[in-house]
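Peer 1: One predicted model, sequence on top.
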Amino acid sequence: MKLLGTNTSPYVRKARMVLLEKNIAHTYLIDPPREPGSQVVRANPLGRIPALILDDETCIFDSPVIAEYADTLNDTPVLIPRTDALARMRVKRWEALADGIMDSAVVVRTESIRPAEKQDADTITRHNDAITRALAHASGQLGQRAWCEGTAITLADLALASALIYVDLRQPERDWRGAHPNLATWFAHISERPSVRTTLAG
């Protein structure tokens, strides 16, 4: 199988981390959808990344669907709880929170690179406020635990790590580490994992 994406997309990073943590053989191809000749627009009717193309040319999109599919392929590790409905909900809720941070950060980024006279200040403020609230919520939910859910890595950790990496990339001025030292400690720990280090390397 092959994963189409770009190195700056937080959604692609999340999908890559899942595949790497699961040790699922795949080829990662940098393929910006806007580039002429991109495979993405032919494989995914939405023309978005990440797009996971299976050996029979079936295309799986978007990142939550890719993560859920990949997690079913083996049990080492199980990233989304399968027998505990509440634990599963909590992991998926963490993913939704992280994806929401990514969504708002993308909106702020898109708006901020428009010509100054065309930027919508209210939109930027609204989404920056959403990120601030979401980070505070994540910090409160995490507390001093080593993992977002349970006693081992889950999709929750990978999603949150992807969101924080993107915030660092697009909003380096945001001092979320100073505001939430427990998130900083957790992030330093998770960043040592090979899956995270591989995606940071490119």
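Peer 2: Nice, I can see it. Since the model is a prediction, treat every value here as computed from it, not as a measurement. Numbers count the residues shown, from 1 in each chain.
Peer 1: packing partners for the host helix or strand of Asp122?
Peer 2: Element membership for Asp122 (DSSP states H and E) is helix 121-142. With contacts defined as 3 or more C-beta pairs under 8 Å, 6 or more residues apart in numbering; DSSP states H and E, helix 121-142 has these neighbours: helix 85-112, helix 155-170, helix 176-179, helix 181-190. From N, CA and C alone the C-beta is placed, and that goes for glycine too.
Peer 1: which parts of it are buried?
Peer 2: Going by neighbour count (16 or more other C-beta atoms under 10 Å), the buried part of helix 121-142 is Ile124, His127, Asn128, Ala130, Ile131, Ala134, Leu135, Ala138, Ser139, Gln141, Leu142.
Peer 1: which residues sit in contact with the first one?
Peer 2: Okay, so that is Ile124. Contact partners of Ile124, counting by C-beta atoms under 8 Å, 6 or more residues apart in numbering, are Val108, Glu111, Ser112.
Peer 1: want to try CSV for those, with neighbour count as columns?
Peer 2: What follows is these, written out as CSV (neighbours: other C-beta atoms under 10 Å):
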residue, neighbour count
Val108, 21
Glu111, 16
Ser112, 13
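Peer 1: Go through these and name the one nearest Ala15.
Peer 2: Checking those against Ala15 with C-beta to C-beta, the nearest one is Val108 at 22.2 Å.
Peer 1: Could you chop this structure up by domain?
Peer 2: Taking automatic domain parsing as the reference, the chain has its domains at 2-71, 85-193.
Peer 1: List the residues that contact Val40.
Peer 2: Leu4, Asp31, Pro32, Pro33, Gly47, Arg48, Ile49, Ala51.
Peer 1: Could you export these to a markdown table, including columns for distance to Ser191?
Peer 2: Shown next, in a markdown table, are those (distance: C-beta to C-beta, whole Å):
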| residue | distance to Ser191 |
| --- | --- |
| Leu4 | 25 |
| Asp31 | 26 |
| Pro32 | 26 |
| Pro33 | 28 |
| Gly47 | 31 |
| Arg48 | 27 |
| Ile49 | 23 |
| Ala51 | 26 |
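Peer 1: Mind checking which of these are buried?
Peer 2: For the contacts of Val40, buried by 16+ other C-beta under 10 Å: Leu4, Asp31, Pro33, Arg48, Ile49, Ala51.
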